[in-house]
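Participant: no sequence for this one, just the structure:
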Ligand code: NI
């Protein structure tokens, strides 16, 4: 069984003490493909180093996370443009809008999101969207930017069935992670109405651990708990769900 963690922050400080052990545990369980979303320029070097260490398993994205859109965001965007010219990335992410932490930066977040979508189109790369308490704002930009070369993943999808279908209509797959195992996570109630070809699995480690690890540090091996729950929802064998979601990830990231 090959599983793909389409969203994991393996370079995070949270893994400082045992990063190699964390990766080993995941590899042993069949989780052999890790897609690392970027946050800001301060993490670039550690991401590159990790990819050099695990070139067959680790794939990198370039991007500026919406909660890291600060006064210097134009500098950050320049860093991304420059990196894209000299390195191979599999996606632009994670990008989007987050109104949970800071509403005052909305204008700059919108500007950064739009700029990065245009970069993705230019390089024919998928985007990985972070959306928190900002569905209307994210959809508004997708509506103006939509085109056949705009596609990607709506990471950590937590919306309604209607919002799920809307995201899919913009060529997005839904990133399903720990929230699907939460009692109050809601998405488990309608997920079976979404075609399995429209979802990918993710952990968002070190955040959002699935049950029974909720509240603790998340890591990629816990993707097994997400897989279990998704297989349950679709009444399919785990192997089948692993196979289909890995294929979906491949279709997006175009990398083996
Ligand atoms: Ni993330």
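Facilitator: Yep, that arrived. Treat the numbers as computed from the prediction; the structure is a model and nothing was measured.
Participant: Which strand or helix spans residue 84?
Facilitator: helix 73-86 (DSSP states H and E).
Participant: partners of the next helix or strand after that helix, with directions?
Facilitator: Note on helix 73-86: by DSSP H and E, the next helix or strand toward the C-terminus is strand 91-98. Applying DSSP bridges, strand 91-98 is found paired with strand 58-62 (parallel), strand 127-132 (parallel).
Participant: Buried residues of strand 91-98, list them for me.
Facilitator: Under the neighbour-count criterion of 16 or more other CB atoms under 10 Å, strand 91-98 has 91, 92, 93, 94, 95, 96, 97, 98 buried. Heads up, the C-betas are built off the backbone N, CA and C, glycines and all.
Participant: Please state the offset of the helix or strand immediately after it in the chain from the chain centre?
Facilitator: The helix or strand immediately downstream of strand 91-98 is helix 106-123, counting by DSSP H and E. The chain centre lies 16 Å from the centre of helix 106-123; the measure is CA atoms, centre = their mean, to the nearest Å.
Participant: for helix 106-123, packing partners?
Facilitator: If you count contacts as 3 or more CB pairs under 8 Å, 6 or more residues apart in numbering; DSSP states H and E, helix 106-123 packs onto helix 73-86, strand 91-98, strand 127-132, helix 135-145.
Participant: still on that earlier bit, would you mind putting the buried residues of strand 91-98 into JSON lines with pLDDT alongside?
Facilitator: Below are the buried residues of strand 91-98 laid out as JSON lines (pLDDT from 0 to 100):
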{"residue": "91", "pLDDT": "98"}
{"residue": "92", "pLDDT": "98"}
{"residue": "93", "pLDDT": "96"}
{"residue": "94", "pLDDT": "97"}
{"residue": "95", "pLDDT": "98"}
{"residue": "96", "pLDDT": "98"}
{"residue": "97", "pLDDT": "98"}
{"residue": "98", "pLDDT": "97"}
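Participant: Save those as CSV, and put in distance to residue 191 too.
Facilitator: Formatted as CSV, the buried residues of strand 91-98 follow (distance: CB to CB, whole Å):
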residue, distance to residue 191
91, 23
92, 26
93, 22
94, 21
95, 24
96, 21
97, 24
98, 23
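Participant: Just the endpoints, please. Distance across stretch 195-207?
Facilitator: Its first and final residues considered, stretch 195-207 spans 26 Å by CA to CA, to the nearest Å.
Participant: which parts of it are buried?
Facilitator: Neighbour counts over stretch 195-207 (16+ other CB under 10 Å) mark 196, 199, 200, 201, 202, 203, 204, 205, 206, 207 as buried.
Participant: Just the residues contacting it, thanks.
Facilitator: 3-10, 12, 14-15, 153, 155-156, 168, 173-178, 191, 210, 217-220, 222-223, 226-227, 230, 234, 236, 241, 244-245, 248-249, 252 (CB atoms under 8 Å, 6 or more residues apart in numbering).
Participant: Mind checking which of the residues you listed are buried?
Facilitator: Buried among the contacts of stretch 195-207 by 16+ other CB under 10 Å: 3-10, 12, 14-15, 153, 155-156, 168, 173-178, 191, 210, 218-220, 222-223, 226-227, 230, 234, 241, 244-245, 248-249, 252.
Participant: Quick one: residues in contact with stretch 53-63.
Facilitator: 10, 23, 27, 32-38, 47-48, 50-51, 80, 83-84, 87, 89-95, 116, 128, 253, 255.
Participant: With stretch 132-149 instead?
Facilitator: 66, 96-101, 106, 110, 113-114, 117-118, 121, 124, 129, 131, 150, 159, 163, 166, 170-172.
Participant: Give me the buried subset of the residues you listed.
Facilitator: By 16+ other CB under 10 Å, the contacts of stretch 132-149 give 66, 96-99, 106, 110, 113, 117, 121, 129, 131, 150, 159, 163, 166, 170-172 as buried.
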